[in-house]
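In: coordinates for the following, if possible.
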Amino acid sequence: MPFVQVTAPKGTLNKKSRDELMSRLSVAVIKAEGAEGKDPAALSLVWAYYNEIEHRASYVGGQSIENAPIVVEFATPQDALTDETRNALVAETGVIFDDVFPLHENKPNHWALLREIDEGGWGGGGQIYGLAAIQNAMNITVGV
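Out: Next comes the predicted model:
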């Protein structure tokens, strides 16, 4: 049950590029968690938000910057990713961004932040969802 949140300066991407980005990031994160990339059950559990911020609302060293990189945050349940799958997710994210939003001014076009939610810390609809229940809902088989 990954959560994807993208923050970009207003107008950075048009709707078509935004839709492509969010779709591809959703598939990448469920694959990193061990689900099939096109599994409808797994995809139905990926919640993703695209947030736009005002132009020049990003700062480096206390100074606003003109062309800020996009920030993508992936939140996954604790132990859903391994070192190998974290690296694969970040690498795939780089490919996706290079396709959708090329480098600018020889600076990174994005930052990827990975957050793990502690076991017992993922809840919704008034109940807690543990990793095993989430993996079951996403058709992920562990240890096979």
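
In: quick one, helices of this structure?
Out: 15-33, 40-43, 83-100, 131-137 (DSSP state H).

In: quick one: the ones you listed as TSV, columns for distance to T7 too.
Out: C-beta here means a position set from N, CA and C on the backbone, and glycine is covered the same way. Output for the helices of the chain, formatted as TSV (distance: least, C-beta to C-beta, whole Å):
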stretch	distance to T7
helix 15-33	12
helix 40-43	22
helix 83-100	13
helix 131-137	25
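
In: need the winner for burial among those helices.
Out: Highest mean neighbour count among the helices of the chain (mean count of other C-beta atoms under 10 Å): helix 15-33, with a mean of 19.

In: now that one against helix 83-100, angle please.
Out: In terms of direction (axes from the mean of the first three to the mean of the last three C-alpha atoms, to 10 degrees), helix 15-33 departs from helix 83-100 by 170 degrees.

In: tell me what helix 15-33 is packed against?
Out: When contacts are defined as 3 or more C-beta pairs under 8 Å, 6 or more residues apart in numbering; DSSP states H and E, helix 15-33 packs onto strand 3-9, helix 40-43, strand 47-53, strand 70-77, helix 83-100.

In: would CSV of those with distance to G124 and mean pLDDT be doable?
Out: Listed next are the helices and strands packed on helix 15-33 as CSV, based on distance: least, C-beta to C-beta, whole Å; pLDDT from 0 to 100:
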stretch, distance to G124, mean pLDDT
strand 3-9, 10, 95
helix 40-43, 16, 92
strand 47-53, 9, 96
strand 70-77, 12, 95
helix 83-100, 23, 94
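
In: of all these, which lies closest to K16?
Out: Proximity to K16, assessed across the helices and strands packed on helix 15-33 by C-beta to C-beta, is greatest for helix 83-100 (9.6 Å).

In: what's the spacing between the closest one and its chain's center?
Out: 10 Å (C-alpha atoms, centre = their mean, to the nearest Å).

In: and that helix, what does it pack against?
Out: In terms of contact count using 3+ C-beta pairs under 8 Å, 6+ apart, helix 83-100 is assigned the packing partners helix 15-33, strand 70-77, strand 110-117.
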